[in-house]
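[1] Let's see this in three dimensions:
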Amino acid sequence: MSAPEQFVLAGPTADLRSALADLTADPEASVLSVHADSTGEPDRLVATMLPERAAALGSALPGIVIEPDAPLTLD
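    Just a heads-up that it's a prediction; the model follows:
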């Protein structure tokens with residue numbers, strides 16, 4: 001089993017609400033931040049979870065994009 005990693009999730013509000021509910025209920029995941037749009041609805045999440053969990057969540061909610069979170073660098 002692998003170690004938890006940090007991921008960024010983005011996509012339609014309804015899918016992000018579902019992802020937020022799933023991750024909040026998962027004792028092995030941690031939601032670190034929720035970014036809301038101008039109406040107060042979530043448009044991005046940052047969470048830690050196992051990579052396998054991220055893949056399963058992406059399969060269950062194909063409308064969202066889940067990518068490893070990495071620091072931005074200027075080259």
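
[2] Kindly list the longest helix within the chain.
    helix 13-25 (DSSP state H).

[3] so what secondary structure elements neighbour it?
    In terms of contacts (3 or more CB pairs under 8 Å, 6 or more residues apart in numbering; DSSP states H and E), helix 13-25 is packed against strand 5-10, strand 30-36, strand 42-49, helix 51-60. Placement of C-beta: from N, CA and C, glycine included.

[4] Report the angle between it and strand 42-49.
    Orientation of helix 13-25 against strand 42-49 (axes from the mean of the first three to the mean of the last three CA atoms, to 10 degrees) gives an angle of 30 degrees.

[5] Buried residues in helix 13-25, which are they?
    If you call a residue buried by 16 or more other CB atoms under 10 Å, then helix 13-25 has these buried ones: Asp15, Leu16, Ser18, Ala19, Leu20, Asp22, Leu23.

[6] can you tell me how far the first one sits from Leu23?
    In other words, Asp15. For Asp15, the distance to Leu23 (CB to CB, to the nearest Å) stands at 12 Å.

[7] Pipe the helices and strands packed on helix 13-25 into CSV and attach distance to Thr73, mean neighbour count and mean pLDDT per row.
    Formatted as CSV, the helices and strands packed on helix 13-25 follow (distance: least, CB to CB, whole Å; neighbours: other CB atoms under 10 Å; pLDDT from 0 to 100):
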stretch, distance to Thr73, mean neighbour count, mean pLDDT
strand 5-10, 16, 18, 96
strand 30-36, 20, 13, 96
strand 42-49, 18, 19, 95
helix 51-60, 22, 15, 96
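
[8] Nearest approach to Glu67 belongs to which of the ones you listed?
    Nearest to Glu67 among the helices and strands packed on helix 13-25 is strand 5-10 (5.5 Å), distances taken as CB to CB.

[9] Work out the sheet partners of that closest one and label each with its direction, please.
    strand 42-49 (antiparallel), strand 65-68 (antiparallel) (DSSP bridges).
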